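Engineer: Below: sequence and its predicted model.
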Amino acid sequence: MVSEKLLRALKDVGLTEYEARAYVVLVSRGPSTAGDVGSAANVPYSRVYDIISKLERRGWVEVQPGRPAHYRAKPPAEAIEHSKIEQEQKFKETSAIIIKELEPVYERRAEVKRPDIWVIRGERNLLGKIGEMLARAQVEALITVPALMGSIELEPFVQILSAKNLVLHVLTAEKPRLKLALPNLEIRCRKPLFGGGVIVDGKEVLLLLTSGEEKLGIWSDEVGLAKFAKEYFEYLWRDSSIPRAHRQERSARAERR
């Protein structure tokens, strides 16, 4: 009997079900004729010679000449090593074909692809865009609020943030006024802090700017820009401090748990 666990494992290394059954029979019974293997492994007689021949070519079985010929299983560790070498070679060959055929197509497509870049004006529109970004977020949202920008009110987004359970890091230049009951919220302060923005999942970024009294932003899904913005945020984050009130609040939450 071949356990389902063993059968799946042998299939995972490249054997068919008949090949796996035939090999297990040879391991269990020792040298056997093709007829005996077919009968014990429940392999159709019309297929058994073909199955054993394939196992022989792949290094799992060896033949002992005679009348009739007997077949012997090679040690499992040796057979697995043969299979490993065979699969590595096949992977190299198929990888070379894929890269040769598709890489030029990808590079040509990359040349014509242009990232989206939008200029957004007005606090209402900026808050709308931030809401869209947070709705798309899957892992984290990084927010920077410099003194020049006044404040970004996150209260309207509490429902979205709570439902998604995102990692939320807020970096501010002033004493934070956020009163949000979010378990993954962390607030830090840093002075000076000149730029502001929102970065979501390292995939899209909204840079916050001021022009006189007008608030505006530049949004883009250009991966390189988002990556640069995230790295800069993380640099500022490491060089920032945790406000005393926020530190006490985090400690209280930890004690309640």
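Structural biologist: Yep, that arrived.
Engineer: From the rest of the structure, what touches the helix or strand hosting Leu236?
Structural biologist: Taking DSSP states H and E as the criterion, Leu236 maps to helix 223-238. Applying Cβ atoms under 8 Å, 6 or more residues apart in numbering, the contact partners of helix 223-238 are 115, 142, 144, 169, 171, 188, 190, 193, 197, 199, 202-205, 207, 220. C-beta here means a position set from N, CA and C on the backbone, and glycine is covered the same way.
Engineer: let's go with 10 Å and repeat that
Structural biologist: Under the contact criterion Cβ atoms under 10 Å, 6 or more residues apart in numbering, helix 223-238 has outside partners 115, 117, 140, 142-144, 169, 171, 186, 188, 190, 193, 195, 197-207, 218, 220, 222.
Engineer: Which PyMOL command selects the buried ones in the residues you listed?
Structural biologist: In PyMOL, a selection of the buried entries from the contacts of helix 223-238 looks like this (16 or more other Cβ atoms under 10 Å):
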select buried, resi 142+143+144+169+171+188+190+193+197+198+199+200+201+202+203+204+205+206+207+220+222
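Engineer: Which members of the contacts of helix 223-238 are positioned in strands?
Structural biologist: Using DSSP state E, the subset of the contacts of helix 223-238 located in strands is 117, 140, 142-144, 169, 171, 186, 188, 197-200, 204-207, 218, 220.
Engineer: Would you state the strands of this structure in chain order?
Structural biologist: Using DSSP E, strands in the chain cover 32-33, 61-64, 70-73, 117-121, 140-145, 167-172, 185-189, 196-200, 204-211, 214-220.
Engineer: Turn those into CSV, columns for distance to Gly128.
Structural biologist: Listed next are those as CSV, based on distance: least, Cβ to Cβ, whole Å:
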stretch, distance to Gly128
strand 32-33, 74
strand 61-64, 68
strand 70-73, 68
strand 117-121, 8
strand 140-145, 16
strand 167-172, 19
strand 185-189, 22
strand 196-200, 12
strand 204-211, 11
strand 214-220, 11
